[in-house]
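1. everything below, folded, please.
(one chain, ligands or ions: 2)
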Amino acid sequence: MTLGLDPDELVACVACGLCLPHCPTYRVTGLELASPRGRIAAMRAVDGGMAAADATFVRAMRECVQCRGCEAACPSGVPFGHLMETTRDAMRHVPSARPAWRVRVAEWLGYRVVLPRHWLLLVLSWVLWLAQRLGVAGRLAPAGVSPPSLSARSLAVRLLPDATPDVVLFTGCVMDAWQRDVHRDAMTVMRATGARVGLIGSGGACCGALHAHAGRLDEARSLAQRVISATDGDVEVVVDSAGCGAALKSYGELLDTDEAREFSARVSDFSEWVVARAALPVQRSGRRVVVADPCHLRHVQHADGAVRTLLAPAYDLAETADDGLCCGAGGVYAAREPGLAGAIRDRKAAAIRAAAGESANPDAPVLVVSANPGCALHLGAVPGLIVRHPAELLAEALP
Ligand code: SF4
Ligand code: SF4
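-> Numbers count the residues shown, from 1 in each chain. Ligands and ions are numbered 1, 2, ... in the order given. This is a model prediction of the structure:
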């Protein structure tokens, strides 16, 4: 089979290995085939017809978190994210690479039925909330997956847009259902800069990032077009989810149209936008906060500095010593690969505790900031880690 990869992208890898320490799956397993270099070599062999897309190849591709830590570390500029998305797209059409039928049904329901229909996701979220109250939610979840603890207060938050906004907040699908209180705080902070804040129009809920990661590129393109069509005129678009922000900023490459490129140029991450607009009159809290950079904020958007600029006047920031290594959330990765995702998270949690100076007491609560809902849910499942969004911490620090 051919994977349809760009030969120029493949040959850009010179096998130097500088990316290896930045790869969470390599750090956990120590296996070459679980490293970026090994994965690229395997892609090259299959794409060139020198090897089959057998079970070992499929596993090596599926175990990649798509954190793109390797891309940021690579001196040759290998576009690993694009290579992996194209490979996964090709694998979907190979019978031997297809997952079990149960997984295919679950994926069809998730990607094709629920995520594109925001009203359905909201209804199911209320059902999950009820199941949690009745104590039966754990029995419904796949082994190794911790369902998020939903709050009726967050689910019931009403976001009220301003008339004639000069910026709109992209609210997304899962984040709008499970962490809408973060959107409320993001709007509060944005208004504190003097902005009139609107909301993305109807039909523009799901950005397609999860679809692109899964190699469902046609569906990702369709959702991207819906988001662009749901945005009026040439208003700025702010995103408070790092994964969604990276997706919206890549619509130009995904759709390859002038309209999409113009749209992507108007997109900012929440922290990036607030820093560029105004200095906020925050009050110093003195609380220590460990910064956990979402990969798609640090390695893809390169907007991790803005979070620190915003929070430093109000909080004592602490840095992990792992050079921004992934936490293992990876969209639906934690559900698909719970063993590896858990092992990667253990390393991250240890780095967070070391940064907080709490290694002597592993049960002491540690305040962590993360600008991505998936990372917040994944890390928040670790006992003692209290994960908040930059918007929440900033809203609390406003006078
Ligand atoms: S992906 Fe980049 S950093 Fe990694 S081995 Fe290839 S050239 Fe080196
Ligand atoms: S995207 Fe992340 S997990 Fe995948 S090969 Fe690169 S560093 Fe490793």
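2. burial count for residue 136?
-> 10 (other C-beta atoms under 10 Å). Backbone N, C-alpha and C define where each C-beta goes, glycine included.
3. and it, what's its pLDDT?
-> Note for residue 136: predicted pLDDT of 79.
4. that one and residue 334, how far apart?
-> Between residue 136 and residue 334 the computed distance is 21 Å (C-beta to C-beta, to the nearest Å).
5. list the contacts of the one residue in the stretch 201-350 of the chain that gets nearest to ligand 1.
-> Closest approach between the stretch 201-350 of the chain and ligand 1, counting by C-beta to the nearest ligand atom: residue 299, at 13.0 Å. Residue 299 sits next to 67, 68, 69, 71, 72, 324 when contact means C-beta atoms under 8 Å, 6 or more residues apart in numbering.
6. most neighbours out of the residues you listed, which is it?
-> Most neighbours among the contacts of residue 299, by other C-beta under 10 Å: residue 67, with 29 neighbours.
7. is it in a helix, a strand, or coil?
-> At residue 67, secondary structure determined by DSSP: H, G, I helix; E, B strand; the rest coil is coil.
8. same question for residue 110.
-> helix.
9. if we can go back for a sec, just checking, the residue of the stretch 201-350 of the chain closest to ligand 1 is part of a strand?
-> No: secondary structure of residue 299 (three-state DSSP): helix, not part of a strand.
10. can you tell me the closest non-neighbouring residue to it?
-> Nearest residue to residue 299 in three dimensions, chain neighbours excluded: residue 72, at 4.0 Å (C-beta to C-beta, 6 or more residues apart in numbering).
11. contacting residues around that neighbour?
-> Neighbour list for residue 72: 22, 298, 299 [criterion: C-beta under 8 Å, 6+ apart].
12. re earlier: what's the most distant pair in the contacts of residue 299?
-> 71 and 324 (12.4 Å; C-beta to C-beta).
13. how about stretch 301-319: buried residues?
-> Buried residues in stretch 301-319, counted by 16 or more other C-beta atoms under 10 Å: 301, 303, 304, 306, 307, 308, 310, 311, 314, 315, 318.
14. what comes into contact with whichever helix or strand residue 129 is part of?
-> According to DSSP states H and E, residue 129 maps onto helix 118-134. Contact with helix 118-134 is made by 113-115, 137, 140, 147, 149-152, 155, 173-174, 176-178, 205-206, as judged by C-beta under 8 Å, 6+ apart.
15. and the helices in the stretch 101-250 of the chain?
-> 101-107, 118-134, 137-140, 152-155, 174-178, 180-192, 209-213, 217-229, 242-249 (DSSP state H, counting those that start in this stretch).
16. which one of these is the most hemmed in?
-> Most buried of the helices of the stretch 101-250 of the chain, by mean neighbour count (mean count of other C-beta atoms under 10 Å): helix 242-249, with a mean of 28.
17. is any residue of that one near ligand 2?
-> No: in terms of C-beta under 6 Å from any ligand atom, no part of helix 242-249 sits within range of ligand 2; the closest distance is 12.8 Å.
18. quick one: average pLDDT of the following helix or strand past that helix?
-> Later in the chain than helix 242-249, the nearest helix or strand by DSSP H and E is helix 251-255. Throughout helix 251-255, pLDDT has a mean value of 96.
19. which strands or helices does helix 251-255 pack on?
-> helix 217-229, helix 258-265 (3 or more C-beta pairs under 8 Å, 6 or more residues apart in numbering; DSSP states H and E).
20. next one: the first one to chain centre, how far?
-> Spelled out, it's helix 217-229. 17 Å (C-alpha atoms, centre = their mean, to the nearest Å).
21. any idea of the angle that helix forms with helix 242-249?
-> With axes from the mean of the first three to the mean of the last three C-alpha atoms, to 10 degrees as the basis, helix 217-229 and helix 242-249 are set at 80 degrees to each other.
22. re the thing from before, save the helices and strands packed on helix 251-255 as a markdown table, and put in distance to residue 238 and mean pLDDT too.
-> Shown next, in a markdown table, are the helices and strands packed on helix 251-255 (distance: least, C-beta to C-beta, whole Å; pLDDT from 0 to 100):
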| stretch | distance to residue 238 | mean pLDDT |
| --- | --- | --- |
| helix 217-229 | 13 | 95 |
| helix 258-265 | 13 | 96 |
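23. picking that back up, output the helix holding residue 129 as CSV, nothing but the C-alphas.
-> C-alpha atoms of helix 118-134 as CSV (Å, rounded to 0.1, in the frame of the first residue of the first chain):
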residue,chain,number,x,y,z
HIS,A,118,-23.9,20.0,19.7
TRP,A,119,-27.5,19.7,21.1
LEU,A,120,-27.0,15.9,21.3
LEU,A,121,-23.7,16.3,23.1
LEU,A,122,-25.4,18.5,25.7
VAL,A,123,-28.2,16.1,26.2
LEU,A,124,-25.8,13.2,26.7
SER,A,125,-23.7,15.3,29.1
TRP,A,126,-26.8,15.8,31.3
VAL,A,127,-27.4,12.0,31.1
LEU,A,128,-23.8,11.5,32.2
TRP,A,129,-24.2,14.0,35.0
LEU,A,130,-27.3,12.1,36.2
ALA,A,131,-25.5,8.8,36.0
GLN,A,132,-22.7,10.3,38.2
ARG,A,133,-25.2,11.5,40.8
LEU,A,134,-26.7,8.0,40.8
